[in-house]
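Novice: Quick one: sequence and predicted model below, then my questions.
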2 protein chains.
Amino acid sequence: MFSNSLKYAIKAVLYLAQHSCEKQKISAKHISESILVPHAYLAKLLQELARHNIISSSKGPKGGFYLNQENRQQPLINLIRAIDGQQKLSTCVLSLKDCDEKRPCPLHNLVAPSKKNLMDSLEHKTLAEISSEIEKGISFFPL
Amino acid sequence: MFSNSLKYAIKAVLYLAQHSCEKQKISAKHISESILVPHAYLAKLLQELARHNIISSSKGPKGGFYLNQENRQQPLINLIRAIDGQQKLSTCVLSLKDCDEKRPCPLHNLVAPSKKNLMDSLEHKTLAEISSEIEKGISFFPL
DNA sequence: TCTTAAATATGACAAATATCATATTATTAT
DNA sequence: ATAATAATATGATATTTGTCATATTTAAGA
């Protein structure tokens, strides 16, 4: 469902949501060791996320990656779009060019409700909210 | 969302649902040309589907692929499982080992309702039903 | 200003998925 | 029986995705 890259990116961002802030930046190496993801690969993903302003970064000693307040208020879907690209979520399940409400493909009506539901969820849930649920013990994020 | 292989397989099976029967078998070549899918690749997929009894086949002249009554009464999810394997649909979105209702991962509660909804749809909709909707003009399957 | 710690940019390599090709086997019809 | 047709089995190639490595740039602190 989600690509490997996306899974790694989500884990890293959630880790940052919980452990970083403007005054407490975290290096790619530290993150990769904490969430058990190959560090060279994660570094690349973090750079991509920073480029898309999903996360913040600063170079040099005491530098690293972190989430500022603005980053935290973003919905999860921004992160997904940054890694997997825009189109993946919006296109027809069968990749048919002219499938829409008016002329639905044979699977359209079957998957449309679930898909809309999922998109709404991803669009509205912010990183801050997800992080807060972990802190409250509503959900669990094992390291 | 769906792999390329799966999209091709679904298109091919829907084509068979509409144009084949026990007395009217269709060759891989004919199908591939009709649904615009590379024929060598499709042939492989059709063989895989036949091996899993999703579709029927017979060799030799006048042979080819077709759907019998039993094939038509199968739910769509059988086809998906044959091509993409069992686990893909059932595992945690973040691939966390011990994510479940009791200890949901940070995304579990967000995606679970949509996922359950989708699974139910795929589990209950038969190939015959999908084919029938195309014939009735409820959905559209462009060649 | 020099050293050091970190991100950034770039590219090489590996694995998985998608695509193509061909030899073999089975079945029908002549 | 033989020829022709079509699936089957197998494997080769190409593209995409995932993984790793390294040289460069930036900023902090002594």
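Specialist: Yep, that arrived.
Novice: Looks like residue A:131 contacts residue A:15 (just checking).
Specialist: No - applying C-beta atoms under 8 Å, one finds residue A:131 not in contact with residue A:15, separated by 9.9 Å. For glycine as for every other residue, the C-beta is placed from the backbone atoms N, C-alpha and C.
Novice: in stretch A:132-143, what counts as buried?
Specialist: Of the residues in stretch A:132-143, those scored as buried under the neighbour-count criterion (16 or more other C-beta atoms under 10 Å in any protein chain shown) are A:133, A:134, A:139, A:140, A:141.
Novice: now stretch A:75-86
Specialist: A:75, A:76, A:77, A:78, A:79, A:80, A:81, A:82, A:83.
Novice: ok, the nearest residue to residue A:6 once chain neighbours are set aside to residue A:5 distance?
Specialist: Setting aside the residues directly before and after it, residue A:6 is nearest to residue A:83 in space (C-beta to C-beta, 6 or more residues apart in numbering or on different chains), at 4.8 Å. Taken as C-beta to C-beta, to the nearest Å, the spacing of residue A:83 relative to residue A:5 amounts to 5 Å.
Novice: Name the residues of chain A found near DNA strand C, please.
Specialist: Neighbours of DNA strand C within chain A, by C-beta under 7 Å from any atom of the strand: A:26-29, A:43-44, A:46-47, A:50-51, A:57-65.
Novice: Now that we have the residues you listed, which of them are buried?
Specialist: Taking 16+ other C-beta under 10 Å as the criterion, what is buried in the residues of chain A next to DNA strand C is A:26, A:28, A:43, A:46, A:64, A:65.
Novice: So which of those sit within strands?
Specialist: Counting by DSSP state E, these place A:64, A:65 in strands.
Novice: among the buried ones among the residues of chain A next to DNA strand C, which two are most distant?
Specialist: Among these, the pair separated by the greatest distance (C-beta to C-beta) is A:26 and A:43, at 12.3 Å.
Novice: contacting residues for residue A:141?
Specialist: A:14, A:15, A:18, A:134, B:105, B:106 (C-beta atoms under 8 Å, 6 or more residues apart in numbering or on different chains).
Novice: what distance separates the worst-scoring helix or strand of chain A on mean pLDDT from the centre of its chain?
Specialist: Comparing every helix and strand of chain A by mean pLDDT, DSSP states H and E singles out helix A:87-90 as the least confident one, with a mean of 72. Distance of helix A:87-90 from the chain centroid (C-alpha atoms, centre = their mean, to the nearest Å) equals 15 Å.
Novice: any bit of it sitting next to DNA strand D?
Specialist: No - residues of helix A:87-90 are not located near DNA strand D by C-beta under 7 Å from any atom of the strand, the shortest gap being 8.8 Å.
Novice: what residues does that helix touch?
Specialist: A:77, A:80, A:81, A:119, B:1.
Novice: can you rerun that using 10 Å?
Specialist: A:2, A:3, A:6, A:77, A:80, A:81, A:115, A:118, A:119, A:122, B:1 (C-beta atoms under 10 Å, 6 or more residues apart in numbering or on different chains).
Novice: Just the C-alphas of that helix, formatted as PDB.
Specialist: Below are the C-alpha coordinates for helix A:87-90, written out as PDB (Å, rounded to 0.1, in the frame of the first residue of the first chain):
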ATOM      1  CA  GLN A  87      -0.600  11.500  -8.800                       C
ATOM      2  CA  LYS A  88      -0.400   8.200  -7.000                       C
ATOM      3  CA  LEU A  89      -3.300   8.800  -4.800                       C
ATOM      4  CA  SER A  90      -5.600  10.600  -7.200                       C
END
